[in-house]
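[1] Quick one, what's the 3D model for this:
(one chain, ligands or ions: 1)
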Amino acid sequence: MNKNPSVAVVGATGAVGVEMIKTLEKRNFPVGKLTLLASSRSVGRKLPFRGKEISVTELTRDSFKGIDIALFSAGGNISREYAPIAAAAGCVVVDNSSAFRMDDAVPLVIPEINAGDVKLHKGIIANPNCTTAITLMALYPLHKAFHVNRIFASSYQAVSGTGAKAIEELKRQVGEVVSGKPVTKEVYPHQIAFNVLPQVDTFLPNGYTKEEMKMENEGRKIMHHPNFHASVTCVRVPVYRSHSVAVSAEFQKPASVESARAALKNAPGVDLVDEPENTKYPMPLFASEKYNCEVGRIRKDCALENGLAFWVSGDQLLKGAALNAVQIAEELLKD
Ligand code: A2P
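    Presented below is the predicted three-dimensional model:
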């Protein structure tokens, strides 16, 4: 890999794309040239990078000539169509959509957990689901210490996970409710302002949503743990940014609160925020725009043998998307 790679961001104008550009700059990723790609609607828009304004160009089949690394975040359909074209042009794709995550030929990577899998790529590397990534950042250090069998979890997911339009929807609806106007809906099937929606993504025949099953399926692949089980309820909440997850985990080995705290204190990418007596615990407001995920409310689970309950908050636009993608690109440079 070129030490000053030519990088493209596909979906550069979206909620995640903008964070990808900022993260490349903040982490001093040695970008040779940056190409910003989006739909024809965004052609001519300019986005800042290293003190300059870069014009957005339209994504086409010819966009990938001379590009070394392409960070994709424009939805699954765009990834399915263009990621193979980019890979065929000799570019390494880091794809934020779910399109290739469960493909055996595609590594699915959280660098703090399975960085070694990056080397196995054949042109495409998948970035995990945001809620899965944030949960595993807290769960994996505990798994290494005590070996996890299964988890029960509920998520509290911010609207920015749905994209820029959903942020606008929450803002607009809050204004409409406060000023007594009728509430208008465009993105979600129900009002999200002053409400919670127990649906993230579409329902599967087993009654879970697609989002809920990602925790088990992607968790197995990332942790190299084929027997991992996860029963999850994913909930959209009227929060702008950062997802939180309440987890009850059952382990093979006895797990004390003290040893869990010790395992998490030393874990990369994790901040232990666990002083409930001083009202200190992770919250989305404080996890936002942070690279590390915050873990707290650690306690013995009173309903599970060898169980721990905990709460994790993380910026899903960063660790759940843009940061993790840039970290994968950093691993590519190490190669
Ligand atoms: P655009 O702004 O031109 O529509 P979000 O998830 O925040 O809604 O962002 C989605 C991103 O994917 C945006 O950058 C959007 O660009 C981009 N995108 C959507 N459809 C296409 C398309 N057909 N071709 C290229 N980029 C697309």
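
[2] Which one of the residues in the stretch 151-300 of the chain is closest to the ligand?
    G163 (3.0 Å; CB to the nearest ligand atom). (Glycine included, C-beta is placed from N, CA and C.)

[3] Quick check: that residue touching A15?
    Yes - taking contacts as CB atoms under 8 Å, G163 lies within contact range of A15: 5.3 Å.

[4] Name the residue in these two with the higher neighbour count.
    A15 (22 against 17; other CB atoms under 10 Å).

[5] The spatially closest residue to the more buried one that is not a sequence neighbour: neighbouring residues, count only.
    Excluding the flanking residues, the one nearest A15 by CB to CB, 6 or more residues apart in numbering is A164, at 4.7 Å. Neighbours of A164 under the rule other CB under 10 Å: 15.

[6] Name the residues of the stretch 1-150 of the chain found near the ligand, please.
    For the stretch 1-150 of the chain, the residues in contact with the ligand (CB under 6 Å from any ligand atom) are 11-15, 17, 38-39, 41-42, 59, 74-75, 78.

[7] quick one: which of those sit in helices?
    Those of those mapping onto helices are A15, G17, I78, per DSSP state H.

[8] Next, give phi and psi for the closest residue to K265 other than its chain neighbours.
    In space, and not counting its chain neighbours, K265 is closest to L272: 5.0 Å by CB to CB, 6+ apart. The phi/psi pair for L272 (degrees, to the nearest 10) reads phi -80, psi 120.

[9] Distance check, the closest residue to L317 other than its chain neighbours against A38.
    Distances taken as CB to CB, 6+ apart place E19 nearest to L317, at 4.6 Å, with adjacent residues excluded. Separation of E19 from A38 (CB to CB, to the nearest Å): 14 Å.

[10] For the nearest residue to P254 once chain neighbours are set aside, give me the pLDDT.
    For P254, ignoring the flanking residues on the chain, the nearest one in space by CB to CB, 6+ apart is N306 at 5.3 Å. On pLDDT, N306 comes in at 97.

[11] Pop out the phi and psi values for N306.
    N306 adopts backbone torsions of phi 50, psi 40, taken as degrees, to the nearest 10.

[12] Give me the number of neighbouring residues for it.
    17.

[13] which residues sit in contact with it?
    Remark: with contacts taken as CB atoms under 8 Å, 6 or more residues apart in numbering, N306 is in contact with F146, E250, F251, Q252, K253, P254, A255.

[14] My read is that D271 contacts E294, right?
    Yes - the pair D271 and E294 qualifies as a contact (CB under 8 Å) at a distance of 4.9 Å.

[15] biggest helix in this protein, by residue count?
    From DSSP H, the single longest helix across the chain is helix 130-146.

[16] Past that one, which element shows up next along the chain?
    Per DSSP states H and E, the first helix or strand lying C-terminal to helix 130-146 is strand 148-157.

[17] by contact count, what packs against that following strand?
    helix 130-146, strand 229-236, strand 243-251 (3 or more CB pairs under 8 Å, 6 or more residues apart in numbering; DSSP states H and E).

[18] Let's see the shortest one as PDB, backbone CA atoms only.
    If I follow you right, that is strand 229-236. Written as PDB, here are the backbone C-alpha positions of strand 229-236 (Å, rounded to 0.1, in the frame of the first residue of the first chain):
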ATOM      1  CA  HIS A 229     -25.800 -16.000  21.600                       C
ATOM      2  CA  ALA A 230     -27.500 -12.500  21.800                       C
ATOM      3  CA  SER A 231     -31.200 -11.700  22.400                       C
ATOM      4  CA  VAL A 232     -31.500  -8.000  21.700                       C
ATOM      5  CA  THR A 233     -34.300  -5.400  21.500                       C
ATOM      6  CA  CYS A 234     -33.200  -2.300  19.500                       C
ATOM      7  CA  VAL A 235     -35.000   1.000  20.300                       C
ATOM      8  CA  ARG A 236     -34.700   4.400  18.600                       C
END
